[in-house]
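Colleague: Build me a model:
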Amino acid sequence: MKRRLVAALACRNVGSRLYGKPLQKISDTVCILDQIILAIKKFPEIDEIVLGISEGVANLAFIDVAHEHKVSFILGDPVDVLFRLVQCGRMGKATDVFRVTTECPWFAYDMLPDLWKRHVADGNDITVTDRLPEGLNFEIYTLEALERAHSRGASRDRSEFCSNYPRTHPDEFKSAVYSPAAALQRTDLRITVDYPEDLIIAREIAKEHAAKMPLVMPADIIAFLDKRADLRALVQPYVDPKPLWGMIQNQREWKP
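Modeller: Predicted structure coming up:
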């Protein structure tokens, strides 16, 4: 059976720290969600993009984004984010689901093609990256694994913490966790956009690497931030250096 990888992007306009994060502009013309979609479209490994839009008037703007980029969308439960990802997979007739959060403008593009091949060849339920700067990781699940996590998980596991159930029940899934080369294992850095200070950094990265957008590689982002102590200091209070998938035994260092 041919495998079909669908990118599921959960979208919702909320945020007490920074409202409407996916629609925040990182350049004059591109918002975070635009950037993610434009980047994913560069990869033939991903067959379709589906926006998992939360129900509610505040989120209607995401339908416009879907139309603008000619991608599919579903409307789903505001709280049950995990089921919205399942709905995205079903809408796209996926065998597997690619997940990044829509607060993270960039991800580890260089690792995607190879890890997709390894995910399929090794028969994994879950293949993820870890130990990159927060915001650059991505996750690949079989649709069946997402459905299993949803059926077995509690309300917290179905919330925005979509990976919580497989991370806390590692014996129930065949998972593989790939770290980048040692120089890129930089959990002391933060690229996700959750606070206004994060957005300042994202805009500076986009400005510095305008010619490379949408595909700015992790090595370029890290090199840039290593030269900008002022930017690093802005978000230092929010940095959480603990690897997200550290409890999984099958840890590997990725070598292209």
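
Colleague: which secondary structure element contains Pro113?
Modeller: helix 112-121 (DSSP states H and E).

Colleague: Off-centre distance for that helix?
Modeller: Offset of helix 112-121 from its chain centre (CA atoms, centre = their mean, to the nearest Å): 16 Å.

Colleague: Output the contacting helices and strands for it.
Modeller: strand 96-99, strand 126-129, strand 139-142, strand 175-179 (3 or more CB pairs under 8 Å, 6 or more residues apart in numbering; DSSP states H and E). Heads up, the C-betas are built off the backbone N, CA and C, glycines and all.

Colleague: got a list of contacts for the first one?
Modeller: What it means is strand 96-99. Outside strand 96-99, the residues that touch it by CB atoms under 8 Å, 6 or more residues apart in numbering are 3-8, 40, 46, 85, 88-89, 112, 119-120, 138-143, 146, 162.

Colleague: try 7 Å this time
Modeller: Strand 96-99 is contacted by residues 3, 5-8, 46, 85, 88-89, 138-143, 146 when judged by CB atoms under 7 Å, 6 or more residues apart in numbering.

Colleague: what's the answer for the second one, then?
Modeller: Judged by CB under 7 Å, 6+ apart, the contacts made with strand 126-129 from elsewhere in the structure are 108, 111, 115, 118-119, 137-141, 145, 166, 173, 175-178, 245.

Colleague: switch the cut-off to 6 Å
Modeller: Defining contact as CB atoms under 6 Å, 6 or more residues apart in numbering, one finds that strand 126-129 is touched by 108, 111, 115, 119, 137-141, 145, 166, 173, 175-178, 245.

Colleague: State the paired neighbours of it in the sheet, together with their directions.
Modeller: Applying DSSP bridges to the sheet, strand 126-129 is found paired with strand 139-142 (antiparallel), strand 175-179 (parallel).
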